[in-house]
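1. I'll drop the sequence and a predicted model, then ask my questions.
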Amino acid sequence: MDVPSHIIFEDPYILVMNKPCSLMVEPDRNGHPNLLQQVQKYIRNTQHPNKEVYVQHVHRLDRPVSGIVLFAKKKSMLKVLSEQFAQRTVKKQYQALTVSAPIQSSGVLENWLFKDTKIKKAIIYPEETPETDTVRLSYSTTSFTDEFTLWNIDLHTGKYHQIRAQLGALGCSILGDALYGSDFDYAPNAIALHAHVLEFIHPSTEEPMHMEAPAVWGFKGLL
């Protein structure tokens with residue numbers, strides 16, 4: 001991965017990346033390539049060759065998902081940004097492609113989600129239980145091609161596999177997302193879900209930040 005070509009914004013305090021699909025954000029026990037280590041190497045080689053590097057992702061995207069990932073370059077900046085995410089003041093917009101279209105072209109989905117850690121899957125429940133979390137998103141859809149529907153999604157809660165599970169439960173599985181019902185052959189270790197927009201307050205300057213990354217869908221012959 002060529003890190004500079006995936007940088008959306010960088011200053012002494014933060015770094016904003018456009019993560020390719022199929023790449024993990026952080027290291028795992030199997031040693032797969034990951035975005036964090038590549039960003040660390042980039043900063044070490046280009047800015048601080050003789051110093052210990054600090055850089056940390058503020059949030060995560062699932063491995064199959066592409067799009068915006070925000071990094072803090074100082075521990076104090078990580079603390080400020082993490083508080084924004086915890087307080088849900090960060091605005092997140094996603095795009096997705098599906099074969100099926102919803103009955104309503106726009107609306108709000110509110111469900112109850114249970115994270116099943118045994119099978120690493122989110123389950124949508126028909127009613128609230130002590131084990132579930134309320135999840136909410138709003139969406140609008142347009143025809144992307146004769147075959148596919150494009151979703152623009154505002155995420156109001158950020159739970160495990162939320163968008164994937166909610167769209168799957170609606171009968172509109174994201175392309176390539178076999179875990180939630182898709183039988184479409186999309187791309188290896190990838191699904192057609194993209195973190196398109198991230199809005200937050202800069203942790204140092206306190207300026208409103210609007211970050212946007214156009215989607216590059218992961219299979220030939222789509223466009």
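-> That came through, no problem.
2. and the least confident helix or strand in the chain by mean pLDDT, what does it pack onto?
-> Lowest on mean pLDDT, DSSP states H and E among the helices and strands of the chain sits helix 35-46, with a mean of 94. If you count contacts as 3 or more Cβ pairs under 8 Å, 6 or more residues apart in numbering; DSSP states H and E, helix 35-46 packs onto strand 14-19, strand 56-57. All C-beta spots, glycine's among them, are computed from the backbone N, C-alpha and C.
3. Packing partners of the last one?
-> For strand 56-57, the contact count by 3+ Cβ pairs under 8 Å, 6+ apart identifies helix 35-46, strand 66-72 as packing neighbours.
4. how close does the residue lying closest to Leu113 once chain neighbours are set aside get to Pro102?
-> The shortest distance from Leu113 to any non-neighbouring residue, by Cβ to Cβ, 6 or more residues apart in numbering, is to Val135 (4.6 Å). Distance, Val135 to Pro102, using Cβ to Cβ, to the nearest Å: 16 Å.
5. So the two - more neighbours on which side?
-> Val135 (23 against 17; other Cβ atoms under 10 Å).
6. could you pull out the strands for this protein?
-> Taking DSSP state E to define them, one finds strands in the chain at 7-10, 14-19, 56-57, 66-72, 91-98, 106-116, 121-125, 133-143, 149-155, 193-201, 208-212.
7. Put the alpha carbons of the first one into CSV.
-> Read that as strand 7-10. Output of strand 7-10 as CSV, limited to C-alpha atoms (Å, rounded to 0.1, in the frame of the first residue of the first chain):
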residue,chain,number,x,y,z
ILE,A,7,-3.8,10.4,2.8
ILE,A,8,-6.8,12.8,2.8
PHE,A,9,-5.4,15.3,5.4
GLU,A,10,-2.4,15.6,7.6
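8. Pull up the per-residue confidence for the residue of the chain most remote from its centre.
-> In the chain, Asn50 marks the outermost C-alpha relative to the chain mean, sitting 32.9 Å out by Cα atoms, centre = their mean. With respect to pLDDT, Asn50 scores 71.
9. Now do it against Gly168, distance only.
-> On the measure of Cβ to Cβ, Asn50 and Gly168 end up 49 Å apart.
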